[in-house]
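> I would like to see how this sequence folds:
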Amino acid sequence: MSFGFKIMVEGEYACFSRPELKVERVSYDVPPPGALEGLLKSIYWKPAIKYVIDKIVVYRPIQFMNIRRNEVKNKISYQSVRSSMNHGGKDPAIYTKECRSQRASMILKNVKYGIAFHFELTGFQSDHADEGEAKHYTILKRRLENGQAFRTPCLGCSEYSARKITLVEDFNMEEISEEIISLGDVDLGFMSYGVSFLDKGQPINGDWENPKFSDKANTLYYHPHMINGVIDVKKYRNEIRG
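Just a heads-up that it's a prediction; the model follows:
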């Protein structure tokens with residue numbers, strides 16, 4: 001049995017932020033594999049599996065737009081929330097009036113992608129002995145067919161939700177825009193492939209009942225080409241650099 005899938009993803013807006021530009025958000029021209037893995041995890045995720053992106057097809061012309069928006073500079077601390085719950089400590093909330101900042105963003109609009117991917121077992125065992133590849137395949141296929149997700153799948157940033165996700169048998173390459181086809185072979189340069197956490201997804205305290213994970217991670221990069229709208233991620237995966 002093949003455990004691979006092909007889906008079509010559409011959205012009004014997307015922002016796949018370049019990590020080297022931290023003050024203002026500037027999107028990559030195309031989605032990095034790590035962002036698409038995050039989208040898939042919003043549909044179905046278990047510690048026992050990991051997603052691997054094999055191919056990305058860019059269907060629509062790459063169009064940017066500039067916006068300005070208000071953001072908060074701080075994050076709510078997990079430790080302060082836990083302390084407040086257990087001991088009634090100080091208010092852990094943040095107030096936008098006190099930490100609001102305005103930032104410019106260069107985002108993508110009117111996007112449509114074809115994504116070919118598969119999943120692999122991580123080796124993490126659950127209490128259910130029957131959770132093999134076939135079971136994960138069946139659950140994921142059903143959720144894709146029914147449009148189910150446990151949180152809204154997004155295109156890079158949480159506010160840019162995927163408007164439509166469709167499971168397909170194969171990609172219709174004739175639907176790729178002429179503008180994309182005319183670009184031919186596009187060198188996308190070094191771009192983010194994903195993030196590698198140093199704990200490898202395992203609790204550093206060795207306790208799955210009360211796990212503690214490390215926040216330390218490295219960004220991985222690869223050097224793909226888009227040829228007639230197709231990014232063969234699998235082809236360039238061996239060139240990943242930390």
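> switch to C-alpha atoms for all contacts and neighbour counts from now on
OK.
> where is the longest strand in the chain?
Longest strand of the chain, by residue count under DSSP state E: strand 100-121.
> so for it, what gets flagged as buried?
Of all the residues in strand 100-121, those buried under the rule 16 or more other Cα atoms under 10 Å are 105-109, 111-119.
> what does stretch 193-200 give?
Going by neighbour count (16+ other Cα under 10 Å), the buried part of stretch 193-200 is 193, 194, 195.
> returning to what we had before: can you dump the C-alpha coordinates of the very next helix or strand once past the longest strand of the chain into PDB?
Remark: after strand 100-121, the chain's next helix or strand is helix 133-146, criterion DSSP states H and E. Taking C-alpha atoms only, helix 133-146 is exported to PDB below (Å, rounded to 0.1, in the frame of the first residue of the first chain):
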ATOM      1  CA  GLU A 133       0.800   2.800   8.900                       C
ATOM      2  CA  ALA A 134      -2.400   1.500   7.500                       C
ATOM      3  CA  LYS A 135      -4.500   3.000  10.300                       C
ATOM      4  CA  HIS A 136      -2.900   6.400  10.000                       C
ATOM      5  CA  TYR A 137      -3.300   6.400   6.300                       C
ATOM      6  CA  THR A 138      -7.000   5.600   6.600                       C
ATOM      7  CA  ILE A 139      -7.700   8.300   9.200                       C
ATOM      8  CA  LEU A 140      -5.800  10.900   7.300                       C
ATOM      9  CA  LYS A 141      -7.500  10.000   4.000                       C
ATOM     10  CA  ARG A 142     -10.900  10.300   5.600                       C
ATOM     11  CA  ARG A 143     -10.100  13.600   7.200                       C
ATOM     12  CA  LEU A 144      -8.900  15.000   3.900                       C
ATOM     13  CA  GLU A 145     -12.000  13.700   2.000                       C
ATOM     14  CA  ASN A 146     -14.300  15.200   4.700                       C
END
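> partner strands of the longest strand of the chain, with direction?
Here strand 100-121 has these sheet partners by DSSP bridges: strand 4-14 (antiparallel), strand 25-26 (parallel), strand 49-58 (antiparallel), strand 64-72 (antiparallel).
> for the residue nearest the centre of the chain, which non-adjacent residue is closest in space?
Centroid-nearest residue in the chain, with Cα atoms, centre = their mean: residue 35, separated by 2.2 Å. Once flanking residues are discounted, residue 35 sits nearest to residue 156: 5.7 Å by Cα to Cα, 6 or more residues apart in numbering.
> mind pulling up the pLDDT for that neighbour?
What the model reports for residue 156 is a pLDDT of 94.
> pull the contacting residues for it.
14, 15, 16, 17, 31, 35 (Cα atoms under 8 Å, 6 or more residues apart in numbering).
> switch the cut-off to 6 Å
By Cα atoms under 6 Å, 6 or more residues apart in numbering, the contact list for residue 156 reads 15, 16, 35.
> repeat that for residue 14.
108, 155, 160.
> wait, residue 59 sits on residue 179?
No - assessed by Cα atoms under 6 Å, residue 59 is found out of contact with residue 179, at 9.5 Å.
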